[in-house]
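Trainee: Attaching a predicted model along with its sequence, questions to come.
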Amino acid sequence: MSLNLQTNTEHFTNPLYLESGRILEPYDIAYETYGELNDDKSNVVVICHALTGSHHCAGTYEGENKAGWWDGLIGSGKAIDTDKYFVICTNVVGSCFGSTGPMSLQHPHHNHYRYKFPVVTIKDMVKAQRILFDRLDIHRVYAIVGGSMGGMQALQFAIHYPNFAQKIISMAATYATQPWAIAFNKVAQESILKDPDFKQGYYDPEVIKEQGLAGMAVGRMAGHISFLSHESMQEKFGREYKRTDGLYELFGKFQVESYLEYNGYNFTKWFDPLAYLYITKAINIFDLGRGFDSMQEALKKIQAELYLISFKDDVLFKNIEMKKIADILSEVGNTNHTYIDIDSDYGHDAFLVELDKFDKYIKDALDG
């Protein structure tokens, strides 16, 4: 069967009321679908993306060879089987891949929003998706799956729209972002803000696309360190030195250094710096208990079958954070959840890389 990849954008003129009390209007949401919607619309699986992800989570665009970020998991005969399920993934508001974000043009005078863009939260991102699904006449879904910031969105759906999804799979996420993760984001934010080419937010996006932004590259390097683990770096790079560099050249490089440089500088050409600031802000202030008397009260709301997955060596969102969600659920009498800690040395990025360690688990959760 073909993947049947379709890319669309929906335009909304009704105001989106945000958690901060501000509003966003009008706004666009870019999304992608795969597979076929069945007659009673009971086969919808929603995918939520992470910080630098987009709605392009599977398949390849014409004339491009880089597949969507979860291509190994989504498709014909894969764990999230597009012969069975109608898969939909949206680009979150605040991002830079087609949904309204800080570099979108502000209505009616058509200047970029830049700092006039309101702070959006994970809850706002989820609310906007819910409004999109309503427009698509999808009022209940079979499952919601996401990792990292995508896992945060999945949990937010579980609490704020308890009857919306039958099953929810959240990976490599947390109940509230902890200081360790906030600290890594701080390095990235400062690196962007202090780069003179950032021009205090008034940069020309075309120039950045062409030249990149050195400060953002440095911040992204810090991010990459937090996505890996001690073990995965050891295995991937060891103490290997670049073959063409001399050990006693001041700027001679270890393999790990050139990896960070390559990924850091490359990244700044395709991801917008203001979007990065806004989305890391959303991640930093993520807290499932906000608006409730306690985390217990928040988690009590969950009705869906909930699957929690952590990764043993994740240093960004530690496995004990996911386990805490499971412990609280047990405490409040929720018997409809399972928690599994995947034995992985890879670190946080395992949810994108080591698919073979959990794809069967996802397949069973969906098919079960």
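Mentor: Received it, and whenever you're ready, just let me know what you need.
Trainee: Just the CA atoms of stretch 50-67, as PDB, please.
Mentor: Below are the C-alpha coordinates for stretch 50-67, written out as PDB (Å, rounded to 0.1, in the frame of the first residue of the first chain):
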ATOM      1  CA  ALA A  50       9.300  17.400  19.600                       C
ATOM      2  CA  LEU A  51      11.100  20.700  19.900                       C
ATOM      3  CA  THR A  52      12.700  20.900  16.400                       C
ATOM      4  CA  GLY A  53      10.300  18.500  14.700                       C
ATOM      5  CA  SER A  54       7.600  19.300  12.300                       C
ATOM      6  CA  HIS A  55       4.400  17.800  10.800                       C
ATOM      7  CA  HIS A  56       6.600  15.900   8.400                       C
ATOM      8  CA  CYS A  57       7.000  12.700  10.400                       C
ATOM      9  CA  ALA A  58       7.000  10.000   7.700                       C
ATOM     10  CA  GLY A  59       7.700   9.500   4.000                       C
ATOM     11  CA  THR A  60       9.700  11.700   1.700                       C
ATOM     12  CA  TYR A  61       8.700  14.700  -0.400                       C
ATOM     13  CA  GLU A  62       9.100  14.600  -4.100                       C
ATOM     14  CA  GLY A  63      12.700  15.400  -5.100                       C
ATOM     15  CA  GLU A  64      14.000  15.100  -1.500                       C
ATOM     16  CA  ASN A  65      15.700  12.100   0.100                       C
ATOM     17  CA  LYS A  66      15.400  13.000   3.800                       C
ATOM     18  CA  ALA A  67      12.500  11.100   5.200                       C
END
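Trainee: How far away from the center of its chain is that stretch?
Mentor: Averaged C-alpha coordinates place stretch 50-67 at 13 Å from its chain's average position (CA atoms, centre = their mean, to the nearest Å).
Trainee: Go through that stretch and flag the buried ones.
Mentor: For stretch 50-67, burial by neighbour count (16 or more other CB atoms under 10 Å) applies to A50, L51, T52, G53, S54, H55, H56, C57, A58, G59, A67. Yep, even glycine has a C-beta here, placed from its N, CA and C like the rest.
Trainee: Likewise for stretch 115-125?
Mentor: F117, P118, V120, T121, I122, K123, D124, M125.
Trainee: Assign a three-state SS to the second one, would you?
Mentor: For P118, the reduced secondary structure class is coil; criterion used: DSSP: H, G, I helix; E, B strand; the rest coil.
Trainee: Quick check: the residue nearest the centre of the chain vs S294, distance?
Mentor: Centroid check for the chain by CA atoms, centre = their mean gives A50 as the closest residue, at 0.9 Å. Between A50 and S294 the distance is 27 Å, computed by CB to CB, to the nearest Å.
Trainee: same question, A172
Mentor: 24 Å.
Trainee: Verify the stated contact: the residue nearest to the centre of the chain with V145.
Mentor: No: with contact defined as CB atoms under 8 Å, A50 and V145 do not form a contacting pair (12.0 Å).
Trainee: what about the helices in the stretch 51-200 of the chain?
Mentor: Using DSSP state H, counting those that start in this stretch, the helices of the stretch 51-200 of the chain run over 122-135, 149-160, 179-193.
Trainee: Now do the shortest one against helix 122-135, angle only.
Mentor: Our comparison of helix 149-160 with helix 122-135, counting by axes from the mean of the first three to the mean of the last three CA atoms, to 10 degrees, yields an angle of 70 degrees.
Trainee: now for helix 149-160, which elements pack on it?
Mentor: Other helices and strands packing on helix 149-160, by 3 or more CB pairs under 8 Å, 6 or more residues apart in numbering; DSSP states H and E, are strand 44-48, helix 122-135, strand 141-147, strand 165-171, helix 273-284.
Trainee: Go through these and name the closest to K209.
Mentor: Closest approach to K209 among those (CB to CB): helix 273-284, 11.0 Å.
Trainee: and the closest one, average pLDDT?
Mentor: Across helix 273-284, pLDDT averages out at 98.
Trainee: which residues sit against whichever helix or strand comes after it?
Mentor: Per DSSP states H and E, the first helix or strand lying C-terminal to helix 273-284 is helix 295-300. With CB atoms under 8 Å, 6 or more residues apart in numbering as the contact definition, helix 295-300 has outside contacts at 159, 175-176, 288-289, 291-292, 325, 328-329, 331-332, 334.
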